[in-house]
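Peer 1: no sequence for this one, just the structure:
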């Protein structure tokens with residue numbers, strides 16, 4: 001998942017609330033991963049949601065309701 005010029009303009013804001021403990025853990029792991037590359041919380045959220053969509057029950061819903069046109073290209 002590399003950043004591309006002009007890529008931010010095509011992104012949509014997504015908001016949610018998480019428990020404080022999860023917030024602390026995610027921020028700590030994100031900071032530790034920054035040794036590998038420049039990770040942002042948006043990168044972490046995007047990867048988590050992409051992984052969630054790959055769960056068998058969610059894949060079944062995508063197929064059942066013909067949502068495959070909205071598939072995400074994983075870089």
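Peer 2: Thanks, I have it. All values derive from a computational prediction rather than experimental measurement. Numbers count the residues shown, from 1 in each chain.
Peer 1: What's the per-residue pLDDT of residue 5 here?
Peer 2: Here, the pLDDT recorded for residue 5 equals 49.
Peer 1: do residue 41 as well
Peer 2: Predicted confidence (pLDDT) for residue 41: 91.
Peer 1: Report the contact partners of residue 67.
Peer 2: residue 61 (CB atoms under 8 Å, 6 or more residues apart in numbering). The way it works is simple: take the backbone N, C-alpha and C, and place the C-beta from them, glycine included.
Peer 1: Where does the prediction get shaky in the protein?
Peer 2: Where the chain drops to pLDDT under 70, the residues are 1-9, 36, 73-75.
Peer 1: Helices of that one, residue ranges please.
Peer 2: Secondary structure of the chain (DSSP state H): helices located at 20-33, 41-53, 56-64.
Peer 1: Could you tell me the angle between the longest one and helix 41-53?
Peer 2: Looking back up the chat, that one is helix 20-33. 110 degrees (axes from the mean of the first three to the mean of the last three CA atoms, to 10 degrees).
Peer 1: what's the closest of the helices of the chain to residue 12?
Peer 2: With CB to CB as the criterion, residue 12 lies closest to helix 41-53 of the helices of the chain, at 10.8 Å.
Peer 1: Looking at the helices of the chain, which is nearest to residue 11?
Peer 2: Closest approach to residue 11 among the helices of the chain (CB to CB): helix 41-53, 7.5 Å.
Peer 1: Measure how buried residue 27 is and give me the count.
Peer 2: The local packing of residue 27 (other CB atoms under 10 Å) involves 12 other residues.
Peer 1: right, and it touches residue 41 too?
Peer 2: Yes. At 7.4 Å, residue 27 counts as touching residue 41 under the criterion of CB atoms under 8 Å.
Peer 1: Check the contact lists of the two and give me the overlap.
Peer 2: Counting by CB under 8 Å, 6+ apart, nothing touches both residue 27 and residue 41.
Peer 1: ok, back up a step: ranking the helices of the chain by burial, who's on top?
Peer 2: Stretch with highest mean neighbour count among these: helix 41-53 (a mean of 13; mean count of other CB atoms under 10 Å).
Peer 1: counting contacts, what elements does that helix pack onto?
Peer 2: Helix 41-53 is packed against helix 20-33, helix 56-64, with contacts defined by 3 or more CB pairs under 8 Å, 6 or more residues apart in numbering; DSSP states H and E.
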